[in-house]
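Engineer: pasted the sequence and its predicted model underneath.
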Amino acid sequence: MTFISPWSDEQENPLDTHGFAFQRDPGVTDDLSGVLRNNDSDRIPLEYFPLVESLVKQKTGASKVVVFDHTVRRREADSTAKYDGEVKTDLKKAMQPAAMVHCDQSFVGSLRRIYKIMGAEASELLKNRAQIINVWRPLNGPVEDWPLAVMDGRSLKEENTHATNLFKHQYELQGQTVSISHSPEQRWYYLSHQRSDEVTFIKIWDSKEDVEAKICAHAAFQHPNTPANAVLRESIEVSFEVDALFTTLTLQYANGHDLGRVAYLGTNNMANDACLKNGEVVLGDLEYDGRVILYIIKADQTSYINYIKPLILARELGCPHVLSVIDTRDEWFYAVHPERMVPSLKDQDPETSEKVIVFESTACLQYLAERFDKDGFWRGTTVCEKGAVLSWTAYQTAALGPTAKYWLYFLRGYPTRQNPIQLPQTIQKLHDNVLKQWDIMEKRLSEPGQNYVALKERPTLADLSYFPFAMPWMFEFLGVDVRDWPHIEAWGKRMLERPAIKHILEAAPKYGHM
């Protein structure tokens with residue numbers, strides 16, 4: 001693995017292009033250095049955060065920066081053994097140098113983090129450019145022991161990035177990061193003998209699409225020329241949510257040297273294998289392997305319309321899951337659903353290992369949210385929010401959901417498409433009821449600031465419940481003009497901008513055909 005040691009002030013190397021930047025900052029006094037090294041949780045927010053906020057604003061031109069986390073790392077002599085092909089890190093020793101190549105937040109993890117931090121401001125903020133930036137500083141430089149390496153964002157291919165779930169107590173989802181697999185084109189940099197008055201800016205996430213470096217993969221590595229008496233590394237890393245465009249920072253490169261190796265995502269690791277197969281599609285039932293089993297059927301023109309709801313939520317939450325394409329006529333499926341219908345799911349109680357069966361789309365949504373939505377993004381975070389989410393979700397389940405489903409059912413042909421019986425009065429009654437439900441939804445979304453069904457500023461289970469019977473293409477399929485409900489049309493466009501929905505809508509027509 002080749003590393004290049006950069007130095008500042010001559011060639012251009014903007015964060016937008018490379019994903020990282022270096023800057024000198026003499027602002028840390030001896031007294032403040034002691035505060036940081038002691039990890040004084042009372043004084044660090046008061047004395048260090050403002051200093052780094054100023055650095056970020058100066059560097060980026062940010063209109064607003066918000067600190068949401070800081071980490072002090074102090075390597076212990078026995079915590080990271082000499083690298084000999086695998087990282088030997090005692091995970092029980094907290095806050096050691098991170099020796100596995102990673103980026104701190106995935107796309108899903110970043111959005112969840114922003115909504116959690118910014119609350120009602122998040123949706124408005126995300127209409128413009130938003131970024132998550134880490135500012136890393138050594139506390140006892142110059143660094144000779146396990147320096148920080150950063151990857152040029154232009155050399156990272158998407159197929160080498162893998163969203164990776166983080167769990168507490170094995171089953172409790174805490175967040176989602178990005179693991180990196182190796183590719184020979186990857187280009188690495190490090191700041192040789194980085195001092196305590198030099199900081200590294202690391203891009204974790206960027207909402208702007210047309211930038212070369214969306215993220216910056218990074219890791220600590222053991223320099224082969226580390227002196228035997230090198231001082232063990234100490235550092236502080238502060239994480240920011242940034243609303244701004246970045247300015248450029250210039251670097252001058254020294255000659256490249258083959259300095260050492262970093263540790264990558266390993267394909268022989270069971271946890272990583274499960275992560276890489278998250279959302280995979282299999283034919284037939286399968287044994288529980290730690291992933292929620294979501295039962296679906298082979299897709300045709302409309303068969304997937306309702307069962308994609310929990311699939312979307314599973315992807316939004318980043319929960320471990322697998323899609324099982326089954327034949328609902330099989331007798332064994334009676335043990336899952338009393339009428340052998342999808343969506344249904346099978347899981348396991350993380351505490352007792354008892355089998356868990358859930359059926360019907362709304363129940364699947366509520367179960368997945370209860371199990372994996374630990375910060376309440378989709379369920380609601382307050383009593384007021386939870387009440388609104390529950391009410392609108394239940395109302396859709398009782399009203400628009402079944403009415404639209406049976407309207408569609410009779411339009412397609414009852415009892416079969418091959419031998420349909422025309423029931424014009426029934427179809428007209430269902431037609432009128434669906435239009436009434438759309439009118440109610442339109443009225444709700446026309447209220448001031450009401451961008452989503454239950455809550456104003458973010459989607460919830462209620463929006464997924466209404467999806468897709470209130471999507472623009474459903475109006476077209478049923479022969480009505482969505483422009484008669486302009487607020488539903490605008491809501492639909494907002495929903496379709498979500499990456500999880502885009503992915504599922506693209507993949508769903510292929511389920512069972514691959």
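Structural biologist: Here it is on my side, so go on.

Engineer: do a quick rundown of the strands in the stretch 351-500 of the chain.
Structural biologist: Applying DSSP state E, counting those that start in this stretch to the stretch 351-500 of the chain gives strands spanning 355-359.

Engineer: flag the shaky bits of it, pLDDT-wise.
Structural biologist: 411-421 (pLDDT under 70).

Engineer: let me see the ranges of the helices in the stretch 101-250 of the chain.
Structural biologist: Applying DSSP state H, counting those that start in this stretch to the stretch 101-250 of the chain gives helices spanning 107-118, 122-125.

Engineer: mind checking those helices for the one nearest to residue 337?
Structural biologist: With CB to CB as the criterion, residue 337 lies closest to helix 107-118 of the helices of the stretch 101-250 of the chain, at 28.8 Å. For the C-beta atoms, the positions are set from N, CA and C on the backbone; glycine is no exception.

Engineer: now do the spatially most central residue of the chain against residue 425, distance only.
Structural biologist: By CA atoms, centre = their mean, the mean C-alpha position of the chain lies nearest to residue 108, the distance being 1.4 Å. Distance, residue 108 to residue 425, using CB to CB, to the nearest Å: 47 Å.

Engineer: residue 367 too?
Structural biologist: Residue 367 is 38 Å from residue 425, by CB to CB.

Engineer: those two: which is more packed in?
Structural biologist: The neighbour comparison of residue 367 against residue 425 (other CB atoms under 10 Å) goes to residue 367, with 19 against 8.

Engineer: and the residue nearest to the more buried one when sequence neighbours are not counted, how many neighbours?
Structural biologist: Distance criterion CB to CB, 6 or more residues apart in numbering; nearest residue to residue 367, sequence neighbours excluded, is residue 358 at 4.5 Å. Neighbourhood size, residue 358 [other CB under 10 Å]: 21.

Engineer: hang on, residue 358 packs against residue 342?
Structural biologist: No. In this structure, residue 358 is not within contact of residue 342 by CB atoms under 8 Å, at 11.7 Å.

Engineer: what residue ranges in this protein score low on pLDDT?
Structural biologist: Across the chain, residues meeting the criterion (pLDDT under 70) sit at 1-13, 78-95, 168-173, 243-278, 411-421, 514.

Engineer: got the domain boundaries for the chain?
Structural biologist: Domains of the chain are assigned by automatic domain parsing as 3-79+95-271, 277-510.

Engineer: OK, contacts around residue 329?
Structural biologist: By CB atoms under 8 Å, 6 or more residues apart in numbering, the residues touching residue 329 are residue 340.

Engineer: my bad, residue 36
Structural biologist: Going by CB under 8 Å, 6+ apart, residue 36 touches 28, 44, 48, 72, 139, 236.

Engineer: can you lay out those residues as JSON lines showing neighbour count?
Structural biologist: Below are the contacts of residue 36 laid out as JSON lines (neighbours: other CB atoms under 10 Å):
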{"residue": "28", "neighbour count": "20"}
{"residue": "44", "neighbour count": "19"}
{"residue": "48", "neighbour count": "22"}
{"residue": "72", "neighbour count": "17"}
{"residue": "139", "neighbour count": "19"}
{"residue": "236", "neighbour count": "24"}
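
Engineer: farthest-separated two in these?
Structural biologist: Greatest spatial distance in the contacts of residue 36: 28 and 72, 13.4 Å, computed using CB to CB.

Engineer: assumed residue 73 was part of a helix.
Structural biologist: No. Residue 73 is assigned strand when assessed by DSSP: H, G, I helix; E, B strand; the rest coil, not a helix.

Engineer: my guess is it contacts residue 235. True?
Structural biologist: Yes. Residue 73 is within contact range of residue 235, at 5.0 Å (criterion: CB under 8 Å).

Engineer: what comes into contact with the longest helix seen in the chain?
Structural biologist: As assigned by DSSP state H, the longest helix anywhere in the chain is helix 424-445. Residues outside helix 424-445 that contact it (CB under 8 Å, 6+ apart): 392, 399-400, 403-404, 406-407, 410-411, 450-453, 466, 470, 478, 480, 485-488, 490-491.

Engineer: in helices, which of those fall?
Structural biologist: 392, 400, 403-404, 406-407, 410-411, 466, 486-488, 490-491.

Engineer: export the residues you listed as CSV, with columns for neighbour count and distance to residue 231.
Structural biologist: Below are the ones in helices among the contacts of helix 424-445 laid out as CSV (neighbours: other CB atoms under 10 Å; distance: CB to CB, whole Å):
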residue, neighbour count, distance to residue 231
392, 22, 58
400, 21, 65
403, 20, 70
404, 25, 67
406, 17, 72
407, 22, 72
410, 19, 77
411, 16, 74
466, 30, 59
486, 12, 65
487, 16, 62
488, 24, 62
490, 13, 58
491, 26, 57
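
Engineer: between all of these, which two are separated the most?
Structural biologist: Longest span within the ones in helices among the contacts of helix 424-445, CB to CB: 410 and 490, 29.6 Å.

Engineer: rewinding a little: out of the helices of the stretch 101-250 of the chain, nearest to residue 502?
Structural biologist: Counting by CB to CB, and looking across all of the helices of the stretch 101-250 of the chain, nearest comes helix 107-118 at 11.6 Å.

Engineer: export the closest one as CSV, just CAs?
Structural biologist: What follows is helix 107-118, C-alpha atoms only, in CSV (Å, rounded to 0.1, in the frame of the first residue of the first chain):
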residue,chain,number,x,y,z
PHE,A,107,-25.8,7.9,3.5
VAL,A,108,-28.6,6.5,5.7
GLY,A,109,-26.6,7.1,8.9
SER,A,110,-25.9,10.7,7.9
LEU,A,111,-29.5,11.5,7.3
ARG,A,112,-30.6,9.9,10.5
ARG,A,113,-27.9,11.8,12.4
ILE,A,114,-28.9,15.2,10.8
TYR,A,115,-32.6,14.6,11.6
LYS,A,116,-31.8,13.6,15.1
ILE,A,117,-29.6,16.7,15.7
MET,A,118,-31.5,19.3,13.8
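
Engineer: what comes up buried for that helix?
Structural biologist: When neighbours are counted by 16 or more other CB atoms under 10 Å, the buried residues of helix 107-118 are found to be 107, 108, 109, 110, 111, 112, 113, 114, 115, 117, 118.

Engineer: check the offset of it from the chain's centre.
Structural biologist: How far helix 107-118 lies from its chain's middle: 8 Å, per CA atoms, centre = their mean, to the nearest Å.

Engineer: hmm, back to that, the longest helix of the chain vs helix 400-412, what angle?
Structural biologist: Per axes from the mean of the first three to the mean of the last three CA atoms, to 10 degrees, the angle that helix 424-445 makes with helix 400-412 is 140 degrees.

Engineer: would you indicate which residues of helix 424-445 are buried?
Structural biologist: Buried-residue list, helix 424-445, by 16+ other CB under 10 Å: 427, 430, 431, 433, 434, 435, 437, 438, 441, 442, 444, 445.

Engineer: shared neighbours, residue 358 and residue 342?
Structural biologist: By CB under 8 Å, 6+ apart, no residue touches both residue 358 and residue 342.
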